[in-house]
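K.L.:
Below are the sequence and a predicted model; questions follow.
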Amino acid sequence: AQSVTQLDSQVPVFEEAPVELRCNYSSSVSVYLFWYVQYPNQGLQLLLKYLSGSTLVKGINGFEAEFNKSQTSFHLRKPSVHISDTAEYFCAVSDGAGGGSYIPTFGRGTSLIVHP
Amino acid sequence: DTGVSQDPRHKITKRGQNVTFRCDPISEHNRLYWYRQTLGQGPEFLTYFQNEAQLEKSRLLSDRFSAERPKGSFSTLEIQRTEQGDSAMYLCASSFEWGTEETQYFGPGTRLLVL
């Protein structure tokens, strides 16, 4: 069984400061990893995903994440945040072994709050 | 294509009533997923379809819940005899299975409040 732990429920940060949102996963098989963003009263939007290959993944809106297999982590980073980045961020893991559905298991989310 | 759409966006109902939600996936997507999201939690998988076949159901999907995807296009999720614990955001996602890569695209959700 897979699980995802998002270590921070809330991350406050000032505008233009860097931010890191932490995500650790557990899985007995190879994995696919995702970060989604959810703005208030909206569905989830895919920020980036790791399927294979380079461990540094670049996504939309200036976000990037690094897959670290030894530490089972997939932390999300942005060098300079904007007020508009205020949202809920979800890390998710799915089975990368293939041959079936890719039903992701989501973490509980991290609320990023950007202050002016 | 404008993405995954869901209708209604909000639903308020009284306990014991039946409700039905609709999801229209991205047109070329063959997989469709339903999730439930409660306050302060991530989405939890309920069920998914490949074309018109319902291939997997979560233990969360009690016998009061039923989902259909006739003709492999839009899908409906019905909750019978609603309970206050059913209050949540119901999210639909669709994807196109292509080899070993699949990315789900989410709709805006239907927020259900059971009084």
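P.N.:
Done, it's in. Numbers count the residues shown, from 1 in each chain, chains lettered A, B, ... in the order given.
K.L.:
after the strand or helix carrying B:Ser94, next one along is what?
P.N.:
Secondary structure from DSSP states H and E places B:Ser94 in strand B:88-95. Next along the chain after strand B:88-95, taking DSSP H and E as the criterion, comes strand B:105-106.
K.L.:
got the buried residues for the following helix or strand past that following strand?
P.N.:
Sequence order places strand B:110-114 as the next helix or strand after strand B:105-106, per DSSP H and E. Residues B:Thr110, B:Arg111, B:Leu112, B:Val114 are the ones in strand B:110-114 that count as buried (16 or more other C-beta atoms under 10 Å in any protein chain shown). Yep, even glycine has a C-beta here, placed from its N, CA and C like the rest.
K.L.:
Now tabulate those residues in a markdown table and tack on distance to chain A and pLDDT.
P.N.:
Listed next are these as a markdown table, based on distance: C-beta to the nearest C-beta, whole Å; pLDDT from 0 to 100:
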| residue | distance to chain A | pLDDT |
| --- | --- | --- |
| B:Thr110 | 10 | 96 |
| B:Arg111 | 8 | 95 |
| B:Leu112 | 13 | 97 |
| B:Val114 | 18 | 97 |
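K.L.:
For burial, what's the neighbour tally of residue 41?
P.N.:
As the question left the chain open, I've gone with chain A. Residues within reach of A:Asn41, counting by other C-beta atoms under 10 Å in any protein chain shown, total 11.
K.L.:
my question was about chain B
P.N.:
With other C-beta under 10 Å as criterion, B:Gln41 counts 15.
K.L.:
again, but for B:Asp24
P.N.:
19.
K.L.:
so what pLDDT did residue 1 get?
P.N.:
I went with chain A, as the question did not name one. We have a pLDDT of 73 for A:Ala1.
K.L.:
that's the wrong chain, I wanted chain B
P.N.:
So B:Asp1 comes in at 53 (pLDDT).
K.L.:
Mind checking which residue lies nearest the centre of chain A?
P.N.:
Central residue of chain A (C-alpha atoms, centre = their mean): A:Trp35, 3.1 Å from the mean position.
K.L.:
is that one in a bridge, and if so with what?
P.N.:
A:Leu48, A:Cys91 (DSSP bridges).
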